[in-house]
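> structure, please.
(chains A and B)
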Amino acid sequence: MTTIRVNGVDHAVDVDPRTSLLDLLRERLDLKGTKKGCDHGQCGACTVLVNGVRINACLSLAVMHDGDEVLTVEGLASGEVLHPVQQAFLTEDAFQCGYCTPGQICSAVGLLAEVAAGQPSEATADLDGPVTLTDAEIRERMSGNICRCSAYPQILAAVRRAAGAAA
Amino acid sequence: MSTVRDWAAPNPVTENRSGLIGKPVDRYEGRLKVTGTAAYAYEVETPAPPLYGHIVSSTLAKGRITAIDTSAAAAAPGVVLAWSHLNVPAQAARGTRLNPRSQRASNPALESDRVEHYGQSVVFILADTPENARAAGGLVRITYAAEDADLDFLSSLDLAGPAPGEEDARVGDFEAGYSASEVTVDDTWFSPLQNHAQMEPCATTAWWEGDKVVVHTSIQMVKGGQHALAETLGIPSDRVRLFTRYIGGGFGGKGQAYDDLTLAALAARESGRPVRVAYTRQQMFQATIHRPAVQMRVRLGADRSGRLNAMALEAVTHCARNAPFVEHAASFARNLYAAPHRLTGHRLVLLDIPHAGAMRAPGEAPGMLSLECAMDELAEKLGLDPIELRIRNEPEVDPDNAKPFSVRQLVRCMQEGAQQFGWSRRHPTPGAVRDGRWYVGMGMATAIRGNFLLPAKAGLRLTGDGLATLTQGMTDIGTGTYTILAQITGETLGLPLDQVRVELGDSDMPPAPGSGGQFGAATAGSAAYETAMVMRRRLSELAAGDPRSPLYGEDPTLMDFANGNIVLGNRSESLAALASRAGPEGVYVEGGISPAADARDWSQHTYGAQFAEVGVDSVTGEVRLRRMFGVFAAGRILNAKLAKSQITGGMIWGVGAALTESNPVDPRFGSFLHQDLGGYLAPVHADIVNLDAVLLDEADDKANPMGIKGVGELGICGAGAAIANAVYNACGVRLRDYPLTPDKVLAALEAKGL
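This is a model prediction of the structure:
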């Protein structure tokens, strides 16, 4: 039995050891907001936050997450009030078909936390100081999430907007 | 039948009194998408717990299945059935069209022991969980007898034949004109095979209700999918209810039904349970269509002043042996520049690889990668600015057929783009600008893409709560259909957007042709507009004939619609009140659009100018985009925000085409070298910097009653050529073999002694 907390709700599931965290969410817990784009960790559509850190849910087996706390796109809004990142994506038109969007949004939420925690990226000039959220930082840190509709300029604007709202 | 003159009269959309047309409102379905609650085809709720299908694909390019053993798979845990061509339920023979009005013919799955391409479906497993289905798929044993296959395009060029049913387009005498020209360019370009790589793999959820099948599938064409499945199952189309409400990217690749649809429907019938089937990412590459490679020879002949005397674009492309398709890479050149002597045409090589088909701006996307670079070469030979060369060859009328242009703002696109981009800062000498280890250069190209209007219908219901609900068997593949239809309906009826609902993607709804060829907005939108006009007339007549209405007895043709009311002088009544008196169902009307009888008397296109600045790494040969800007003219814009998203998305496709996207065929197996998104390099976020676009004010009154045109494909046209021209300007390397990857650039730099 695997015990996992998803969006604040505890689940105890008897799960096939072959089941990915992604398939657990989509097929067992009926949380289909997290998308399957490649099932190989190459597109980012399945990005969720596990204990606050963004991961590709398709590259992780469900049984590895006993006791973990998972946050998916369904858990971001507070009732009718969208999470600032969700609202920014809507305002900036940071998506078209919408299939990569839950992953982009979870990735952006994770990104903002990483930057706030001072974690550097390949685009960070000063590895020891605080991280400044430049456009280059956002582009680098969002490059694990492919958007074939290619809403990248709008995604950049949305992350900037959300970062401003959070600051 | 209407004429374009009927369309020229002012109407609620062109008058735009409440300002909804053009307004950059948020995406209609956006809230569902950002909260993860928009249900794509694989995700819809089923009436009972579903079973899961898994498709096993061939590992052979051409030949026959001589033995197939599914016994271990069938006996594996959780497996409900295992089908091959030996035991799949009966389907109509390929190409059958029982109903002559069907838009698509039968397309059976697992139809025989023949294998026609790598990745073809050969076995289908149905099981209780996705894990069990996939594991059982690995237990299938297949023996093939391989046959000789034609797999490599460039080594098969001698097999090229005429494109079926086509002749070369000749104007004047190209050969004579070319040989008499003072300055000439004669070069050959290659655009490789590319994949759509939509984020959502093709998927279907199916179940049966009595003798009727309900399918939710990811397809761009509602009627096409419904008819294909009905013909394949050999049942009337009214026994197929097809839904496609949200589609995770199409780009032409989901214009047709694939085996997930057929097998889900068959398996749901056989098992009596709902069934979900999705393609894997690998199957998306091998088992759906791709943009074929194109080899293009361009010859330009001009006088010393830069006036084109002769122009030829000859394209050789390929398709699957039994699935005819022509990438019309030369056609756009017929309408772009003036030249008295012209030759354009296509040749086709038949290969034993997966099916070629339409991908975003089929024809223009690869085609403009050649001619627009040839123009850059010609400009350099003439010592002319590339924009000036193009302006000197701007035609007065369509050079292909002498028809007048409906509207053509190509020169304005180039001039405004040049000013806003800072084109005057471009150094005409290649290699003149360095930034550390980077060579820096600028390039430009034009964009042209045709405009089309197809027949379409729509339904519109006004209910007593004051809501107008537009229904249409149309799709939104991320293009913004839901949003623009709401804007058109709201503006035409004088209703605020929060009183307009839009429901799409249901085969029971009035039909529209779907999303493709950048005809969606004009086609579906015009049908919505006409339907809303029918509603206006119906409501006016209701008010005039109803003693309870304040407008009773008045002339219905004088009534107006604003702020949720029907109005005449100082009298008015809310649409809600009018609809509620009409009965519990409110008022329902249908309407539609057809092309005007004389619409093709004008040459109708969308236009643009693309500008790029790149850096070329002198050490590694890597090309990096530094900034990109485009100016486009595409008729009246319905939603400034969403139209720009379409355009910039297309430009980024052009970046991919120029720099990274290519999928070679592995000549050993007939498979594609890249079967996933780690190998097939669509642009990622870090590849795209400082990219922007503007849309010029325009209305094309020959296009449709609203004067709108499409934007979905224009953005990719010419975008890659602007980058290739910038690479040349940066470092003096003229590569004609796309994509311009570091290995090619570095070799060329070394060859130049750089």
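> report the closest residue of chain A relative to chain B.
Going by Cβ to the nearest Cβ, chain B is nearest to residue A:33 of chain A, at 2.0 Å. For every residue, glycine as well, the C-beta is placed using N, CA and C.
> what residue of chain B is the furthest out?
Distance from the C-alpha centroid of chain B, by Cα atoms, centre = their mean, peaks at residue B:547 (50.8 Å).
> can you pull the contacts of the nearest residue to the residue of chain A closest to chain B once chain neighbours are set aside?
With sequence-adjacent residues excluded and distances taken as Cβ to Cβ, 6 or more residues apart in numbering or on different chains, residue A:33 is closest to residue B:36, at 2.0 Å. Counting by Cβ atoms under 8 Å, 6 or more residues apart in numbering or on different chains, residue B:36 makes contact with A:31, A:32, A:33, A:34, A:72, A:73, A:74, A:101, A:102.
> is it true that the second one touches residue A:24?
This points to residue A:32. No. Residue A:32 is not in contact with residue A:24 according to Cβ atoms under 8 Å; the separation is 11.9 Å.
> quick one: which of the two has more around it?
The neighbour comparison of residue A:32 against residue A:24 (other Cβ atoms under 10 Å in any protein chain shown) goes to residue A:24, with 25 against 22.
> how close does that one get to residue A:120?
32 Å (Cβ to Cβ, to the nearest Å).
> how about residue B:205?
44 Å.
> what does residue B:186 give?
Distance from residue B:186 to residue A:120, by Cβ to Cβ: 52 Å.
> next: residue B:333.
50 Å.
> the two: who's more crowded?
Each of residue B:333 and residue A:120 has its neighbours counted (other Cβ under 10 Å); residue B:333 has more, 30 against 16.
> skipping its backbone neighbours, what lies nearest the residue positioned nearest the centre of chain A in space?
Chain A has residue A:106 as the residue nearest its centroid, 2.2 Å off, counting by Cα atoms, centre = their mean. Spatial nearest neighbour of residue A:106, chain neighbours left out: residue A:47 (4.5 Å); criterion: Cβ to Cβ, 6+ apart.
> for the helix-or-strand element of chain A with minimal mean pLDDT, packing partners?
In chain A, the helix or strand scored least confidently by mean pLDDT, DSSP states H and E is helix A:152-166, which has a mean of 93. Judged by 3 or more Cβ pairs under 8 Å, 6 or more residues apart in numbering or on different chains; DSSP states H and E, helix A:152-166 is in contact with helix A:84-92, helix A:101-116, helix A:135-141, helix B:640-659, strand B:691-695.
> which among those is found nearest to residue B:155?
With Cβ to Cβ as the criterion, residue B:155 lies closest to helix B:640-659 of the helices and strands packed on helix A:152-166, at 23.1 Å.
> so how far is the closest one from its chain's centroid?
Here the centre of helix B:640-659 is set off from its chain's centre by 12 Å, with Cα atoms, centre = their mean, to the nearest Å.
> which outside residues touch the helix or strand just after that helix?
Using DSSP states H and E, the next helix or strand after helix B:640-659 towards the C-terminus is strand B:665-666. Strand B:665-666 is contacted from outside by B:151, B:152, B:153, B:193, B:351, B:353, B:671, B:672, B:673, using Cβ under 8 Å, 6+ apart.
> list phi and psi for the first one.
When quoted as degrees, to the nearest 10, the phi and psi of residue B:151 stand at phi -120, psi -30.
> and it, how far from residue B:197?
Applying Cβ to Cβ to residue B:151 and residue B:197 gives a distance of 22 Å.
> so between those two, which is more surrounded?
The neighbour comparison of residue B:151 against residue B:197 (other Cβ under 10 Å) goes to residue B:197, with 27 against 21.
> assumed that one was part of a strand.
No. Residue B:197: not assigned to a strand; according to DSSP: H, G, I helix; E, B strand; the rest coil it is coil.
> for chain B, which residue gets nearest to chain A?
For chain B, Cβ to the nearest Cβ, closest residue to chain A: residue B:36, 2.0 Å.
> any idea which element that residue lies in?
Counting by DSSP H and E, residue B:36 is part of no helix or strand.
> kindly report the same for residue B:170.
strand B:169-171.
> that older thread, of the contacts of residue B:36, which is the most crowded?
Once you tally neighbours by other Cβ under 10 Å, residue A:101 ends up highest among the contacts of residue B:36, having 33 neighbours.
> so it touches residue A:89, yeah?
Yes. Between residue A:101 and residue A:89 a contact is recorded at 6.6 Å, counting by Cβ under 8 Å.
> and chain A, what are its domain boundaries?
As recorded under automatic domain parsing, the domains making up chain A are A:2-75, A:84-166.
> confirm residue B:377 sits in a strand?
No. Counting by three-state DSSP, residue B:377 is not found in a strand; it is helix.
> give the closest residue to it in space, chain neighbours not counted.
Closest to residue B:377 by Cβ to Cβ, 6+ apart is residue B:185, at 4.9 Å.
> wait, a helix at the one you found?
No. Using three-state DSSP, the assignment for residue B:185 is strand, not a helix.
> which pLDDT value belongs to it?
Residue B:185 is assigned 98 on the pLDDT scale.
> could I get the contacting residues of residue B:737?
B:189, B:190, B:744.
> measure it to residue B:447 for me?
In terms of Cβ to Cβ, residue B:737 sits 22 Å off from residue B:447.
> ditto for residue B:545
52 Å.
> more neighbours: which of these two?
Using other Cβ under 10 Å as the criterion, residue B:545 and residue B:447 rank with residue B:447 on top: 36 against 12.
> need the three-state assignment for the more buried one.
Applying three-state DSSP: residue B:447 is strand.
> flag every residue of the stretch 151-300 of chain B that's near chain A.
B:196-201, B:246-251, B:278, B:280-281 (Cβ under 8 Å from any Cβ of the partner chain).
> take these and keep only those in helices.
Mapping those onto helices (DSSP state H) picks out residue B:281.
> need the max-distance pair from the residues of the stretch 151-300 of chain B next to chain A.
B:246 and B:280 (20.4 Å).
> okay, those two: which has more neighbours?
Just comparing residue B:246 and residue B:280: by other Cβ under 10 Å the higher neighbour count belongs to residue B:246, 27 against 21.
> about what we covered before: the residue of chain A closest to chain B: which element?
Under the assignment here (DSSP H and E), residue A:33 is part of no helix and no strand.
> please consider this matter closed, and thank you.
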